[in-house]
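Participant: test case, fold it:
(2 chains)
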Number of protein chains: 2
Amino acid sequence: MKRTLIAALALAASAVAAQSPAPITASVLAATQPGDWRALDPENTLYFDLPGGRVVIEVAPGFAPRHTANVKALVREGYFDGLTINRTQDNYVVQWGDADEGDAKKQRPIRKAERHLAPEFDRAIGADLAWTALPDGDVYAPEVGWSSGFPAARDPKSGRAWLTHCYGALGVGRANDAGSGGGTELYVVIGHAPRHLDRNVVVFGRVLRGVDLLSSLPRGTGNIGFYEKPEQRIPIKAMRVAADVPAGERVALEVLRTDSAAFRALVEARRNRREGWFKTPAGKIELCNVPIPVRDAPAR
Amino acid sequence: MKRTLIAALALAASAVAAQSPAPITASVLAATQPGDWRALDPENTLYFDLPGGRVVIEVAPGFAPRHTANVKALVREGYFDGLTINRTQDNYVVQWGDADEGDAKKQRPIRKAERHLAPEFDRAIGADLAWTALPDGDVYAPEVGWSSGFPAARDPKSGRAWLTHCYGALGVGRANDAGSGGGTELYVVIGHAPRHLDRNVVVFGRVLRGVDLLSSLPRGTGNIGFYEKPEQRIPIKAMRVAADVPAGERVALEVLRTDSAAFRALVEARRNRREGWFKTPAGKIELCNVPIPVRDAPAR
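Facilitator: Below you'll find the model as predicted:
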């Protein structure tokens, strides 16, 4: 009897949905037009090639121009090639670079790039800062939303904006000194958004594809997830700027524009899930739970 | 000059910290007393034994008494032993059970437990509901905090409370029908808290140790992370109620009481990080970012 009642209620809900179909993720994506998507700029795309495959990263020069340029310079002089992933901390980050950095005799030399840069933890809110607001609120910041495809936060009082530590965010490792980073040590978030890191580290990109190659790595058993034995580290085959890779060998991806009506519809479809499985739509959505769709570029 | 200035500022911050040391995680934990910790109840502890090791789970009968009892009944009749992890979806969940469930001829029979139960998505707020509030706000729920060691939410208007989908949360898989679950299919959150699932699924526990054995599994390449080939599934050696395991073979853990002054101090130490590395304390903390410390029980 109970199960008949539940079935009847489910049926009633389906009937309502059929009369006035509220958009769900699948229908929003199916209705997108070519102009809702943007191709990646090869100059702002990094390939992080591991034994398991390729991680595709988009960088955000609008938020950290000096660090973005410096990491590209490091990549272009082959700094990361043959170095290792040294740390995989569960529910936190995967981190890579030179395990010998700091040891003047053993560390890998840098040819043209900088080893240290003054921090770019945030930037000024200005006319050049694209902004699509998420009005649902946030625990950590006065305002959150998206800027040029990146989840971000801003504070009108201080006039500052910054990229947020959502899943897949790319940041610059550093020691205690705020200026001790520069891009030789990088990390990607593989757990619940560690938003307390916002404005304490330079975030300058995010993984668009292949984050699972990082998130499924064995966790390091040393302090804060460092691998205890050198042979446990994961070798880096290469890091490349996509522009330096022959066009035919690039990964042709498109990202849904976060300033599009389609993206606004997607946010609503995720805020209040109307797929038949859901019984209680959440009513709100948190910044880092909003997916930013990425697809293979359609054949032209 | 710039680096000298930064060093000087860092030094000044250190000097302030030395004069009036604000608590950090390490000092809060070092100052805990034995009474701040609680031992696990073996009747509310599950061992999920995989080829890679043991996952220790605490269940919450106060939130989902029928599902908790039913899963224990399933465990006790050996239902899960030899079944498989069938789904690992990146930044979402690991799910296990009988890959043939629903196929009447092939599915594993149930002897005494129930296959389906009416949902327990939430419960009444009552005098028996322990509550430690987190006043920092939340995007999804009117109030959040902890109840008997579990991150939870509640809504005074509706008079209901529920466990939240934080990293490591244990829930009951179901099909579209709200009553189609019962505990034969279980999942654990391995990504950014999918809080939109709150009140749509029965959450009845959380992983205390070994979540990395789940989160580092290869991601399934099928739809929503299902393994495409049967041989890709991860075999379950056994699930056990700790009370059924000889005392000498149990994992002796203790959990910091979420209703203790030590835990309140920990929340503040995490809300405003005072370790030397942090330059800008967040000022707020989100529910799922608060760790609930677990330790090996000290020798008595």
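Participant: let's check: the centremost residue of chain A is which one?
Facilitator: Geometric centre of chain A, nearest residue: residue A:206, 2.7 Å, by Cα atoms, centre = their mean.
Participant: ok, that one touching residue A:171?
Facilitator: No: in this structure residue A:206 lies outside contact range of residue A:171 using Cβ atoms under 8 Å: 9.8 Å. C-beta coordinates here come from the backbone N, C-alpha and C atoms, glycine included.
Participant: residue A:162 belongs to a strand?
Facilitator: Yes: according to DSSP: H, G, I helix; E, B strand; the rest coil, residue A:162 belongs to a strand.
Participant: quick revisit: the helix or strand that the residue nearest to the centre of chain A is a member of close to chain B?
Facilitator: If you go by DSSP states H and E, residue A:206 is part of strand A:202-209. No: against chain B, strand A:202-209 shows no contacts by Cβ under 8 Å from any Cβ of the partner chain, the least distance being 10.6 Å.
Participant: convert the helix or strand just after that strand to PDB, retaining C-alpha atoms only.
Facilitator: Moving toward the C-terminus from strand A:202-209, the first helix or strand encountered (DSSP H and E) is helix A:211-215. Listed next in PDB are the C-alpha coordinates belonging to helix A:211-215 (Å, rounded to 0.1, in the frame of the first residue of the first chain):
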ATOM      1  CA  VAL A 211      41.400  16.100 -13.300                       C
ATOM      2  CA  ASP A 212      40.700  12.500 -12.500                       C
ATOM      3  CA  LEU A 213      44.300  11.700 -13.500                       C
ATOM      4  CA  LEU A 214      45.300  13.700 -10.500                       C
ATOM      5  CA  SER A 215      42.400  13.000  -8.000                       C
END
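Participant: which strands and helices lie in contact with helix A:211-215?
Facilitator: Applying 3 or more Cβ pairs under 8 Å, 6 or more residues apart in numbering or on different chains; DSSP states H and E, one finds that helix A:211-215 contacts strand A:53-59.
Participant: distance of residue A:38 from residue A:25?
Facilitator: 19 Å (Cβ to Cβ, to the nearest Å).
Participant: I meant residue A:278, not that one.
Facilitator: For residue A:278 relative to residue A:25 (Cβ to Cβ), the value is 11 Å.
Participant: re the thing from before, paired strands for the strand holding residue A:206, with orientation please.
Facilitator: Applying DSSP bridges to the sheet, strand A:202-209 is found paired with strand A:53-59 (antiparallel), strand A:169-172 (antiparallel).
Participant: packed most tightly, which of the ones you listed would that be?
Facilitator: strand A:169-172 (a mean of 26; mean count of other Cβ atoms under 10 Å in any protein chain shown).
Participant: other SSEs contacting the helix or strand following that strand?
Facilitator: Moving toward the C-terminus from strand A:169-172, the next helix or strand (DSSP H and E) is strand A:186-189. Judged by 3+ Cβ pairs under 8 Å, 6+ apart, the packing partners of strand A:186-189 are strand A:93-97, strand A:169-172.
Participant: then the longest one to CSV, C-alphas only?
Facilitator: Taking Å, rounded to 0.1, in the frame of the first residue of the first chain, the C-alpha atoms of strand A:93-97 are listed here in CSV:
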residue,chain,number,x,y,z
VAL,A,93,45.6,19.0,-3.3
VAL,A,94,48.0,17.3,-5.7
GLN,A,95,51.3,19.3,-5.9
TRP,A,96,54.2,19.1,-8.3
GLY,A,97,57.6,20.6,-8.9
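Participant: can you give me the angle it makes with strand A:202-209?
Facilitator: Interaxial angle, strand A:93-97 versus strand A:202-209 (axes from the mean of the first three to the mean of the last three Cα atoms, to 10 degrees): 100 degrees.
Participant: tell me the mean pLDDT for strand A:93-97?
Facilitator: The average pLDDT within strand A:93-97 is 98.
Participant: tell me which strands that strand pairs with, and in which orientation.
Facilitator: strand A:84-88 (antiparallel), strand A:186-189 (antiparallel).
Participant: residues in contact with the last one?
Facilitator: Right, strand A:186-189. Strand A:186-189 has contacts (Cβ atoms under 8 Å, 6 or more residues apart in numbering or on different chains) with A:55, A:71, A:87, A:92-97, A:165-173, A:207, A:211, A:214.
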